[in-house]
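A.B. asks: just coords:
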C-alpha cells in the first residue's frame, strides 16, 4: 500500500465508523470521516448529509480526494419506521454507488457493511455461512439485505469494485446505548453509588459477538484484498450465551445489580431466533482475517471508557 492512499469512511463518526477510521489510519491511510456530525476524535472530517438521493455532493467529494477506498458504515436505524429506514440504508447506498459510478477513472475499493441479520430463517444450532438463505425476519434485516442486493448488482455489472461484509453483533468502546450491552452499561454506570435494577427481555439466546476493533481490522483487510466473493461473513465464529455476557459485564463493573428478564421489556438483539453463529472460513481464506480479541476484553475496555472517558 502507498503510504498516503486516501480512505473515505461514510458514517465515520459512529460507533463502528470511528474504529474503522482508527484501523485504516493506523495502517497508513489518509483517512477522512464523512457524516453530518462533527468528528470527535481529531481525524480529518467532512460534514455532509448522506441522507439524500442526490449523489452530486459525494461525487464532488470523490473528485476532490480521489480515494483508494470508500467504506460505507453509514445509515441510522434506531427508532425509524420502514420508509425512513429504507431511505437511511438503501437510498444512501444507491446514492453512494451513483457517485462512484460517476468516476469510472478512479480505482476505488468499495467496502460495504452488511449484517448477518440478512440471513433467515436462522438455524437452532450450527454455523451460518454465505450460502445460507436470505429471508430475514426483522425489518432491519430486510433493509440491509435490500442494500446488499443493490451493491451485488453494481458489482455484477462492473460498476464498482466492491465487497459486502456481513457483520455480526459488535461490542466494545463506544457501543450504542440502544444495544443490549450499551443499555446494560448505561444503567450500571448510572448506579455506581447504589444498586442497579436492569430489566431486559429474554436473555436465553446465544449470539456471535465480535470486538468492534476486530471489525475495523476486517474492513482494513477487505480494503487491501481482492476476494473472489461479493459477500463475506465477519464474526467470531462462536455463539455465546447472552445471559452470561450480561452477567460478565455486571461482574466487571463491580456494581451490585439485579438483572430481571421481563416479557414487556423491549428486545435489543435484533432477531427472534435463539441461536446465531457465523462461519468465518471465507474471511480467513479470502481476506486473511480472523479475530484477535476476546469478548471479555471488549467488555472490559467498554466499561473502562464508559466510566473514565478519554
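C.D. replies: Looks like it came in fine. No experiment lies behind these values; they were computed from the predicted model shown.

A.B. asks: which element is residue 21 on?
C.D. replies: Element membership for residue 21 (DSSP states H and E) is helix 15-26.

A.B. asks: helices or strands up against that helix?
C.D. replies: Judged by 3 or more Cβ pairs under 8 Å, 6 or more residues apart in numbering; DSSP states H and E, the packing partners of helix 15-26 are strand 6-10, strand 30-35, strand 69-72, helix 212-224. (Glycine included, C-beta is placed from N, CA and C.)

A.B. asks: which of the residues in that helix are buried?
C.D. replies: By neighbour count with 16 or more other Cβ atoms under 10 Å, helix 15-26 contains the buried residues 15, 16, 17, 18, 19, 20, 21, 22, 23, 24, 25.

A.B. asks: show the pLDDT at the third one.
C.D. replies: Just to be clear, that refers to residue 17. pLDDT, residue 17: 96.

A.B. asks: residues touching it, list them.
C.D. replies: 9, 10, 11, 33, 35, 71, 73, 74 (Cβ atoms under 8 Å, 6 or more residues apart in numbering).

A.B. asks: any idea how many residues pack against the second one?
C.D. replies: Going back to what we said before, that points to residue 10. Using other Cβ atoms under 10 Å, residue 10 has 28 neighbouring residues.

A.B. asks: list the contacts of it.
C.D. replies: With Cβ under 8 Å, 6+ apart, residue 10 has these contacts: 17, 34, 35, 50, 70, 71, 72, 73, 74, 92, 96.

A.B. asks: which one of those residues sits closest to residue 258?
C.D. replies: residue 17 (34.7 Å; Cβ to Cβ).

A.B. asks: buried residues in the helix ranked longest in the chain?
C.D. replies: Counting residues, the longest helix found in the chain (DSSP state H) is helix 139-156. Neighbour counts over helix 139-156 (16+ other Cβ under 10 Å) mark 139-148, 150-152, 154-155 as buried.

A.B. asks: go on, stretch 45-52?
C.D. replies: Applying a neighbour-count criterion of 16+ other Cβ under 10 Å, one finds 45, 46, 48, 50 buried in stretch 45-52.

A.B. asks: out of the helices and strands packed on helix 15-26, flag the one nearest residue 56.
C.D. replies: Set against residue 56 and scored by Cβ to Cβ, the helices and strands packed on helix 15-26 come closest in strand 30-35, at 14.4 Å.

A.B. asks: quick one: strands adjacent to that closest one?
C.D. replies: With DSSP bridges as the test, strand 30-35 is paired with strand 6-10 (parallel), strand 44-47 (parallel).

A.B. asks: which parts of the stretch 201-310 of the chain are strands?
C.D. replies: Ranges of strands within the stretch 201-310 of the chain are 206-211, 231-234, 239-241, 257-261, based on DSSP state E, counting those that start in this stretch.

A.B. asks: any chance of those in JSON lines, plus mean neighbour count, mean pLDDT and distance to residue 164?
C.D. replies: JSON lines is the format used below for the strands of the stretch 201-310 of the chain (neighbours: other Cβ atoms under 10 Å; pLDDT from 0 to 100; distance: least, Cβ to Cβ, whole Å):
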{"stretch": "strand 206-211", "mean neighbour count": "24", "mean pLDDT": "96", "distance to residue 164": "16"}
{"stretch": "strand 231-234", "mean neighbour count": "26", "mean pLDDT": "98", "distance to residue 164": "5"}
{"stretch": "strand 239-241", "mean neighbour count": "17", "mean pLDDT": "96", "distance to residue 164": "22"}
{"stretch": "strand 257-261", "mean neighbour count": "14", "mean pLDDT": "96", "distance to residue 164": "34"}
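
A.B. asks: need the ones you listed in TSV (columns: distance to residue 57).
C.D. replies: Formatted as TSV, the strands of the stretch 201-310 of the chain follow (distance: least, Cβ to Cβ, whole Å):
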stretch	distance to residue 57
strand 206-211	32
strand 231-234	29
strand 239-241	41
strand 257-261	46
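
A.B. asks: relative to residue 132, which of those is closest?
C.D. replies: Closest among the strands of the stretch 201-310 of the chain, using Cβ to Cβ: strand 231-234, at 9.2 Å.

A.B. asks: for residue 66, which non-adjacent residue is closest in space?
C.D. replies: Excluding the flanking residues, the one nearest residue 66 by Cβ to Cβ, 6 or more residues apart in numbering is residue 106, at 6.0 Å.
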